[in-house]
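J.: 3D model of this:
(one chain, ligands or ions: 1)
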Amino acid sequence: MNELPNTTAIVVGASRGLGRGIATALAEAGATVVAVARGGEALAELAESTERIRPEAADATDPTAASTLIDRYRPDTLVLVAGATPHLAPLQHHTWETFSVNWETDVRIAFHWLREALLKPLRPGSRVVVISSGAALAGSPVSGGYAGAKATQRFITGYAQEEAQRAGLDLTFTAVLPRITPATELGRPAVRAYAERYGMTEEQYIEQLGPLVTPEVAGAAVVELVESDAADIAPAYLLTGAGLQKLP
Ligand SMILES: NC(=O)c1ccc[n+]([C@@H]2O[C@H](COP(=O)([O-])OP(=O)(O)OC[C@H]3O[C@@H](n4cnc5c(N)ncnc54)[C@H](OP(=O)(O)O)[C@@H]3O)[C@@H](O)[C@H]2O)c1
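T.: Numbering: from 1, shown residues only. The predicted structure follows:
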């Protein structure tokens with residue numbers, strides 16, 4: 001595989017989970033990948049294991065990180081994956097601080113990076129993929145403000161597309177909404193909490209999810225989107241273990 005040579009991708013939230021799968025898949029497809037996360041050690045280990053990955057330790061909620069890294073690398077592809085692990089409890093057992101954790105991380109990251117993508121702007125033809133969540137469609141009753149935050153990420157990805165079109169920037173923005181999966185550190189405790197809430201064993205809950213999203217599935221999906229004609233890209237997709245499905 002070498003379909004994306006001479007291109008540069010920034011993957012924000014690349015040190016583990018879905019982001020690691022996305023960074024690895026883009027690098028295997030030939031892109032130079034700038035892998036961003038706060039934990040430098042995991043990033044260094046990723047860069048050692050995969051050719052063409054450059055580690056950049058940064059807190060992506062910091063607006064200067066978005067500005068500096070976009071200036072430094074002028075990416076053709078920007079993938080926003082980073083997100084906080086939601087506090088798992090029913091509404092009445094949240095505080096405002098636990099309820100809003102994904103607003104302060106996931107939404108904040110999308111806001112700063114999408115804004116910079118428009119203001120710099122990214123080079124014509126560039127692609128921006130924002131990893132939201134299937135929870136944005138159905139809600140997430142034991143994850144506080146998670147579903148609302150992920151729905152807002154989808155909305156502002158659409159707003160960014162609209163602004164890019166109005167300014168004639170030739171940029172493509174799309175949101176990907178993965179189904180819940182036990183395959184990551186963020187997903188595992190959520191699967192446990194939802195299984196318990198619905199009176200199922202973890203195995204039963206996982207069984208009814210169908211084919212699971214994995215870091216490899218997420219990686220293949222993002223490579224598919226980056227390689228597709230811009231005209232064929234939908235504003236948003238659901239991602240299951242079977243792949244991408246366009247959302248209306
Ligand atoms: N797993 C699921 O079931 C599922 C389902 C639907 C959607 N999603 C979404 O998919 C995305 C990835 O989830 P995941 O399950 O792969 O999570 P994960 O395994 O916890 O990985 C999260 C990644 O984001 C990085 N990160 C977190 N905060 C950051 C910050 N402030 N600045 C820079 N990097 C940051 C983490 O590295 P550091 O901690 O070192 O910074 C890590 O690399 C999230 O947006 C999540 O909401 C997940």
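J.: and the helix or strand residue 129 falls within, how far out from the chain middle?
T.: In the assignment (DSSP states H and E), residue 129 maps to strand 127-131. Remark: strand 127-131 is offset 7 Å from the chain centroid, using C-alpha atoms, centre = their mean, to the nearest Å.
J.: do that strand and the ligand meet?
T.: Yes - for strand 127-131, a contact with the ligand is found by C-beta under 6 Å from any ligand atom, at residue 131. The way it works is simple: take the backbone N, C-alpha and C, and place the C-beta from them, glycine included.
J.: only C-alpha atoms, please: export that strand in PDB.
T.: Presented in PDB, the C-alpha positions along strand 127-131 are these (Å, rounded to 0.1, in the frame of the first residue of the first chain):
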ATOM      1  CA  ARG A 127      -9.300  17.000   4.000                       C
ATOM      2  CA  VAL A 128     -10.400  17.300   7.600                       C
ATOM      3  CA  VAL A 129     -11.900  14.300   9.400                       C
ATOM      4  CA  VAL A 130     -13.400  14.700  12.900                       C
ATOM      5  CA  ILE A 131     -14.100  11.600  15.000                       C
END
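J.: strand partners of that strand, parallel vs antiparallel please.
T.: The strands beside strand 127-131 in its sheet (DSSP bridges) come out as strand 77-80 (parallel), strand 172-178 (parallel).
J.: turn those into TSV, including mean neighbour count, mean pLDDT and distance to residue 124.
T.: Listed next are the strands paired with strand 127-131 as TSV, based on neighbours: other C-beta atoms under 10 Å; pLDDT from 0 to 100; distance: least, C-beta to C-beta, whole Å:
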stretch	mean neighbour count	mean pLDDT	distance to residue 124
strand 77-80	27	98	13
strand 172-178	26	98	10
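J.: quote the end-to-end distance of stretch 208-217.
T.: 18 Å (C-alpha to C-alpha, to the nearest Å).
J.: buried ones in that stretch?
T.: Residues 209, 212-215, 217 are the ones in stretch 208-217 that count as buried (16 or more other C-beta atoms under 10 Å).
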